[in-house]
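*Asks:* Need the 3D shape of this:
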Amino acid sequence: MQSKAHAMLEAECVRCLDTFLQPLDIDFTELYAFSDRTASDLGLILPEDGKIDLVPLLREYMTLEIPISPLCRPDCKGLCPICGENMNYTTCNHDPDTIDPRLVVLKTLQKKNH
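*Replies:* Numbering: from 1, shown residues only. Predicted structure coming up:
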């Protein structure tokens, strides 16, 4: 049996945390056997009524197609590390040399080691 399927999944971008529709496209082939003796390692056997329930296979293949780190778009700018604004919609004018006051001690150690 050969099958192609397309679905849209509501996902969250790992950079900017916006939700977006992630397209999922699968194309797979599975071999069903007529009896236990001829079944493959997957154990896919054609039922006696000849009707195959594809939902479990489609669910499995679609799940495997979901990206580990979904991005709303390849050039997503993410969140501002200082104020948390979405950099895709706004530009922050923060001083890049501003240091979190809790980390000032680490900065002095770094200077001593150089």
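*Asks:* didn't L24 look like it was pressed against K4?
*Replies:* No: using CB atoms under 8 Å, L24 makes no contact with K4, being 11.6 Å away. Bear in mind the C-beta positions are built from the backbone N, C-alpha and C, glycine included.
*Asks:* which residues in this structure form strands?
*Replies:* 2-12, 19-29 (DSSP state E).
*Asks:* Those strands into TSV, with extra columns for mean pLDDT, mean neighbour count and distance to H94?
*Replies:* Output for those, formatted as TSV (pLDDT from 0 to 100; neighbours: other CB atoms under 10 Å; distance: least, CB to CB, whole Å):
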stretch	mean pLDDT	mean neighbour count	distance to H94
strand 2-12	92	12	25
strand 19-29	92	13	26
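*Asks:* Tabulate the ones you listed (CSV), appending distance to I52.
*Replies:* Supplementary listing: the strands of the chain in CSV, determined by distance: least, CB to CB, whole Å:
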stretch, distance to I52
strand 2-12, 10
strand 19-29, 13
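*Asks:* Looking at these, spot the one closest to S69.
*Replies:* For S69, the closest of those is strand 2-12, at 10.1 Å, according to CB to CB.
*Asks:* Tell me which other helices or strands that closest one touches.
*Replies:* Applying 3 or more CB pairs under 8 Å, 6 or more residues apart in numbering; DSSP states H and E, one finds that strand 2-12 makes contact with strand 19-29, helix 55-65.
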